[in-house]
Every structure is written in structure tokens, then in C-alpha cells.
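Asker: predicted structure and sequence below. I'll ask about it afterward.
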Amino acid sequence: MKRRSLLKGGSAFISALILEKSLAAPVQGLGLLEPAYEPMQKGPFKPTWQSLQQYKVPDWYRDAKFGMWAHWGPQCQPEAGDWYAREMYMEGSRKYEFHVKKYGHPSKFGFKDVINEWKAENWNPDELVTLYKNSGAQYFMALANHHDNLDLYDSKYQSEWNSTKVGPKKDIIGGWAKAAKKAGLPFGVSVHAAHTWSWLEVATRADKNGPYAGVPYDGNLTKKDGAGKWWNGLDPQALYEQNHPLSQNSDDDGAIHRQWNWGNGASVPSKAYCEKFYNRTIDLINKYKPDLIYFDDTALPLWPVSDVGLRIAAHMYNKSIKDNGKLTAVITGKILDEQQRKAVVWDIERGQSNSIEPFTWQTDTCIGDWHYNREVYDRKGYKSAQTVIHTLIDVVSKNGNFMLNVPVRGDGTIDDQERKIVEDIGVWMRANGESIYGTNPWKIFGEGPAQEGAAALTAQGFNEGKGKPFTDKDVRFVTKGNYLYATIMAWPETGTAVIKSLATGNQKINRVELVATKELLQFKQTAEGLVVTFPANRPEASYANALKIS
């Protein structure tokens with residue numbers, strides 16, 4: 001309040017002096033002696049929703065359709081699944097019990113200590129990115145930080161808690177970026193750390209029961225507590241960010257979902273926290289020059305309590321124009337209104353739209369848990385290549401892209417089941433990829449019973465796997481040039497498939513080709529539909545069969 005009064009009523013000289021001093025002073029949590037901000041790239045985009053609506057999705061992204069994601073960081077080290085850094089502090093939860101058994105009580109062995117266990121000793125980014133490219137992926141994305149707040153790159157503004165200083169002591173994003181460039185793939189990063197402020201509030205708790213009742217977890221530790229420890233000289237608060245009043249209903253483990261957009265009683269992040277996130281993200285963009293940034297946020301990071309997400313987006317777009325001569329950048333966000341979908345690409349988590357969308361959008365999902373989970377492997381619970389391909393075909397028919405995560409183990413490798421799934425995806429894509437890449441929606445996305453039972457989206461998505469399974473009665477359409485591609489979503493056991501939308505009275509059909517084998521198929525147009533006779537021999541991966549129709 002004193003500073004605000006001086007700026008309002010004092011002289012211009014005093015105002016300028018105060019502003020200069022505030023910019024040059026170290027910001028809490030940054031530890032900087034230089035000006036505590038990264039300049040926003042100048043250009044046509046301003047940090048407002050209205051200005052960002054000038055955005056046009058670049059051709060490379062719209063045509064690519066299919067990308068692979070390595071959602072990999074220290075939470076993969078325990079091999080116990082997603083949100084480990086949060087749920088290990090939730091007394092009685094499965095991950096809490098797992099953690100106590102494997103590592104010890106979270107008052108003695110916290111998440112910072114899990115980071116110290118993570119070494120990424122067998123990580124070979126070139127080999128993995130090449131595998132993903134061979135599966136048909138047209139772009140690659142890697143986790144730059146998660147809600148656990150560890151930057152997986154040489155981070156100027158998270159200088160203590162980043163992967164070059166702790167854990168593997170490797171520049172993870174640098175390694176992925178180099179591998180993607182070598183493979184000729186556009187490179188993306190996913191950024192999730194805006195939510196650490198409330199997501200790790202659980203680390204400040206203590207058990208309510210048992211021998212450790214009342215003993216605080218390690219979320220309240222500070223730099224002075226590190227004497228004699230492996231983390232001596234490091235400040236845990238630079239990682240956990242818990243030096244603030246807790247959110248309302250912080251003891252309610254489900255409240256985090258209701259407070260994702262910083263409403264419903266969420267503790268509002270400080271300006272220093274928001275500016276640190278801005279600086280970290282601009283530093284990431286400037287150093288590694290990603291083509292795509294995925295934000296795990298409602299709209300943009302820290303919106304609507306801060307404008308840093310708008311500033312980051314304007315910087316990303318303007319820098320892309322400066323570096324490339326045109327805008328080639330992509331930013332994705334979740335739970336966007338109609339106007340916001342003009343400014344950034346709408347991302348739907350573990351789900352898909354039920355209609356053709358007017359703007360390019362993206363589904364993101366995983367064949368297992370987001371972070372590696374040994375239990376999924378043990379019970380053979382991964383999504384099959386068939387499920388992945390069916391989802392891809394459905395998403396593309398509705399003007400979408402598909403981003404698939406393959407969980408990576410703590411040591412930097414994927415397991416044998418995952419590798420087989422990725423290879424099997426490649427089998428179908430090599431035979432049928434022309435029906436995916438560079439395509440556009442038709443006048444309808446498809447026909448058949450599966451859509452009749454499709455589940456509605458909830459929150460940021462989460463409707464996958466809730467509808468009817470695809471059959472040979474389900475068809476998905478796209479166009480490219482003068483061709484219509486109709487994909488029959490199973491091999492017709494009767495030997496014929498009927499496409500009702502191409503009955504007589506529609507365009508006359510001259511030619512039908514089975515894309516996988518290039519065979520010309522016999523057909524006839526009737527009042528009931530286009531009846532296509534399939535060959536006696538099935539091609540490999542015949543669970544989805546693209547027809548090229550002219």
C-alpha cells in the first residue's frame with residue numbers, strides 16, 4: 001500500500017526510482033541480482049485475448065495429425081503411477097502406503113529425496129525418438145516440468161531444482177530437443193508447474209494417526225534444515241513453494257480439481273511466484289526454441305489471477321515470427337471458451353469431441369498412467385495398438401490431432417509391452433498413413449452405432465473408453481485433394497461393408513481402393529449405400545481399413 005501511494009502521489013523522479021529499484025532487486029524465490037524479468041518479444045501479438053485471436057494454426061501442425069509424448073520426470077522413478085509427488089503425502093492413500101514401504105515416512109524421505117534417487121541412467125533419446133518416428137509420429141513432445149516443480153532443463157530461474165543440478169544431472173529437454181531435430185521432427189514441451197502452489201500443499205501436512213501422528217512432512221523445510229543432508233545448501237521451498245496461506249478446504253483431497261482455475265477458495269499465488277513462472281517459461285522458449293507448448297491449465301497458466309500466460313503466448317507467437325519469418329508456433333490449453341479457441345489450440349485430455357470442430361484441436365492421452373506405473377505392466381493393462389489407431393482415426397475425422405504418451409521408466413527406457421504397442425502402431429500407419437496425414441474433415445465425420453453411445457465431455461475431457469466399441473458398421477471420413485477416405489473400423493466378417501452416406505443420390509463413385517494393399521475393390525451404389533466387397537486375404541492390422549474413394 002505504501003508503494004502504491006507513493007507512485008500515485010509522489011514525484012515522477014521518486015516513482016521512477018522506486019520502479020527501477022523494484023526491478024533490479026532480487027525477487028523472492030528467484031535469487032537474481034539482475035533485472036528480475038525476461039523481456040517479451042515485440043511483434044503483432046499483444047498479451048490480450050483479443051490480440052491473440054489473430055492466431056492461425058500453422059500448416060505443419062494441422063497436417064501432422066499424430067504426435068508422441070514423453071511425459072517423463074522424477075515421478076516415474078517409483079514406478080507407482082501419476083501424481084506421485086502429491087499422493088505420497090496423502091495419508092492412507094495407495095501411494096502413501098507404497099512410499100512408506102519403499103522409501104520411509106514422508107517426514108524423513110520426501111519428494112525432494114525421490115528426485116535424488118532419479119538418475120535416468122539408461123536414457124537414449126535418439127533411440128526412443130527414432131522409434132516414435134518409425135511408428136508414424138510427425139512431431140514429438142517432452143515434459144519440461146510437472147506440478148512437482150522440477151525443471152527438466154538448464155533453468156536460469158529454477159537454478160537449484162533442475163535436472164542439471166539434482167537427480168540425473170542431465171539436460172533432459174536439451175537431449176530430447178537434439179534428438180527431435182536429428183529425426184527431423186517438430187519439437188514440443190509440456191509445462192505444468194504453474195499449479196505447484198496449491199498442488200503440493202499436501203506436503204505441509206502430518207499424519208493424523210499412527211506412530212508419526214503430528215510429525216510434519218517435509219513440505220515446510222527450509223534451507224537452514226539441510227545441514228549434514230545431501231541437499232545441504234538447497235532450499236526446499238524453492239521446490240515445494242509452500243511459504244503461503246493454504247487454500248480453503250486444503251484437507252479435502254478432491255478440492256484441487258475444483259480449484260484448478262484458481263477459484264473456489266484456492267490460495268492465490270503471489271506476484272513473485274507468477275513472475276518466476278513467467279521467467280522460467282520464457283527462458284525455456286528462448287533456449288530450446290520449441291515449436292509447440294502444451295499447458296496443463298484452464299485456458300493459460302495462472303489465468304485469471306495473472307496475465308503471465310497471455311504474456312508467454314504473445315512472446316511465443318512473436319518470437320516464432322521473428323525466427324521463422326512466419327508464425328509456426330502452437331500453444332495448447334484446456335477448457336477454453338469459443339473466443340479463447342481462436343487464440344490457442346483446444347486440448348482435450350483423455351477424450352475427444354463428438355463433432356467436427358471449426359478449429360484444429362488436440363486429444364492427449366496415454367497408453368497407461370501418465371507417469372510410469374509397474375502395476376499396469378504387470379496386469380497387461382496398456383491400451384492396444386487397435387485402441388490407439390481407432391482413437392486417432394476418430395479424432396482426425398473431427399478436425400483434431402492426437403498426442404500419445406508412452407510412459408518412460410525412471411531409468412529412461414520403455415518396457416517390452418510398450419515397445420510392441422508402438423511398433424504395432426507403426427505397422428498400421430505405414431500401410432494407411434495417407435488416410436491420416438494432410439487430410440481435412442468431410443461434410444460429416446462418420447456414421448455407425450459407436451457415436452450413438454458416445455459419452456459427453458466432462459471438465460477438460462475424460463470421456464474416452466465410455467462409448468460403444470467400433471464395429472464394421474462404423475465408418476470415419478476425411479478428404480484429401482479429390483479423394484474421400486472412408487475407414488471401416490473393423491474387418492467385415494460378411495465380406496462386404498455398407499457405407500450408407502454414399503448411397504445413390506450422392507456423388508457417383510468411380511473407384512474404390514483398399515489403401516493398405518492398393519487393391520481395387522468391387523463395389524456398387526444402391527439405395528441403402530455404397531456396398532464394397534472386401535478381398536479374401538486380410539492385410540496386417542485389419543482392425544481399421546481405409547478405403548480411397550474417387
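Answerer: Good, I have the coordinates.
Asker: so what's the residue lying closest to A70 once chain neighbours are set aside up against?
Answerer: Leaving aside its chain neighbours, A70 sits nearest to A142 (4.8 Å; criterion: CB to CB, 6 or more residues apart in numbering). Glycine gets a C-beta too; all of them are placed from N, C-alpha and C. Residues near A142 by CB atoms under 8 Å, 6 or more residues apart in numbering: 69-70, 72, 152, 172-173, 176-177, 187-190.
Asker: what about I509, how many neighbours?
Answerer: Using other CB atoms under 10 Å, I509 is surrounded by 17 other residues.
Asker: show the pLDDT at it.
Answerer: pLDDT for I509: 95.
Asker: that's a strand at it, yeah?
Answerer: No. Counting by DSSP: H, G, I helix; E, B strand; the rest coil, I509 is not part of a strand but coil.
Asker: in three-state terms, label the residue nearest to A70 for me.
Answerer: Under three-state DSSP, the three-state class of A142 is strand.
Asker: K500 against P449, yeah?
Answerer: No. With contact defined as CB atoms under 8 Å, K500 does not reach P449; the gap is 11.7 Å.
Asker: out of the contacts of A142, who's nearest M403?
Answerer: Distance to M403 across the contacts of A142 (CB to CB) is lowest for W69, with 5.3 Å.
Asker: would you mind giving the secondary structure of the closest one?
Answerer: Following three-state DSSP, W69 is assigned to strand.
Asker: contacting residues for it?
Answerer: 140-143, 188, 190, 364, 403-406.
Asker: N209 now?
Answerer: Taking CB under 8 Å, 6+ apart as the criterion, N209 is in contact with E91.
Asker: could you look up the SS state of it?
Answerer: Of the three states, N209 takes coil under three-state DSSP.
Asker: how about M316?
Answerer: Assigned by three-state DSSP, the conformation of M316 is helix.
Asker: can I assume it is in contact with L292?
Answerer: No. Between M316 and L292 there is no contact under CB under 8 Å: 9.4 Å.
Asker: overlap of the contact sets of those two?
Answerer: Contact with both M316 and L292 is made by residues 329, 331, according to CB under 8 Å, 6+ apart.
Asker: what about the stretch 351-500 of the chain, any weak spots by pLDDT?
Answerer: Residues of the stretch 351-500 of the chain that meet the criterion pLDDT under 70 lie in 453-466.
Asker: swap that for the chain, sorry
Answerer: 1-36, 453-466.
Asker: quick one, helices of the stretch 401-550 of the chain?
Answerer: For the stretch 401-550 of the chain, the helices defined by DSSP state H, counting those that start in this stretch cover 416-432.
Asker: Q54 - how many residues pack around it?
Answerer: Counted with other CB under 10 Å, the neighbours of Q54 add up to 13.
Asker: can you tell me how far A137 is from I367?
Answerer: 13 Å (CB to CB, to the nearest Å).
Asker: which of these two has more neighbours?
Answerer: A137 (27 against 22).
Asker: tell me the phi and psi of the more buried one?
Answerer: phi -60, psi 140 (degrees, to the nearest 10).
Asker: next: P492.
Answerer: Dihedral pair for P492: phi -70, psi 110, per degrees, to the nearest 10.
Asker: that one against P535, yeah?
Answerer: No. Using CB under 8 Å, P492 is not in contact with P535, being 11.1 Å away.
Asker: these two: who's more crowded?
Answerer: For P492 and P535, the more surrounded residue by other CB under 10 Å is P492, and the numbers stand at 17 against 13.
Asker: with adjacent residues omitted, what lies nearest to the more buried one?
Answerer: D472 (4.1 Å).
Asker: for that neighbour, what are its contacts?
Answerer: 488-493, 497.
Asker: which pair of the residues you listed spans the longest distance?
Answerer: For the contacts of D472, the farthest-apart pair by CB to CB is M489 and E493; their separation is 13.3 Å.
Asker: and these two? which has more neighbours close in?
Answerer: Shown here are M489 and E493; by other CB under 10 Å, M489 has more neighbours (24 against 9).
Asker: relative to T391, how far out is that one?
Answerer: The spacing between M489 and T391, counted by CB to CB, is 11 Å.
Asker: now find how far off-centre stretch 413-429 is within its chain.
Answerer: Relative to its parent chain, stretch 413-429 has a centroid offset of 20 Å by CA atoms, centre = their mean, to the nearest Å.
Asker: swap in stretch 307-314?
Answerer: Its chain's C-alpha centre and that of stretch 307-314 lie 18 Å apart, by CA atoms, centre = their mean.
Asker: so the residue nearest to A70 bridges to which residues?
Answerer: For A142, the beta-bridge partners are A70, V189 (DSSP bridges).
Asker: what lines up beside the helix or strand Q362 falls within in the sheet?
Answerer: For Q362, the host element (DSSP states H and E) is strand 361-366. The strands beside strand 361-366 in its sheet (DSSP bridges) come out as strand 345-349 (parallel), strand 400-405 (parallel).
Asker: what does that strand contact?
Answerer: Against strand 361-366 from outside (CB under 8 Å, 6+ apart): 69, 71, 294, 332, 341, 345-353, 383, 391, 395, 398-407, 461, 464.
Asker: which helix or strand lies directly C-terminal to it?
Answerer: helix 374-378.
Asker: list the buried residues for that following helix?
Answerer: Using 16 or more other CB atoms under 10 Å as the test for burial, helix 374-378 gives 376-377.
Asker: what packs against the following helix or strand past it?
Answerer: Per DSSP H and E, the first helix or strand lying C-terminal to helix 374-378 is helix 385-397. Packing partners of helix 385-397 (3 or more CB pairs under 8 Å, 6 or more residues apart in numbering; DSSP states H and E): strand 361-366, strand 400-405, helix 416-432, strand 475-480.
Asker: will you turn the ones you listed into a markdown table that also has mean neighbour count and distance to G254?
Answerer: Formatted as a markdown table, the helices and strands packed on helix 385-397 follow (neighbours: other CB atoms under 10 Å; distance: least, CB to CB, whole Å):
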| stretch | mean neighbour count | distance to G254 |
| --- | --- | --- |
| strand 361-366 | 23 | 22 |
| strand 400-405 | 25 | 24 |
| helix 416-432 | 19 | 31 |
| strand 475-480 | 23 | 36 |
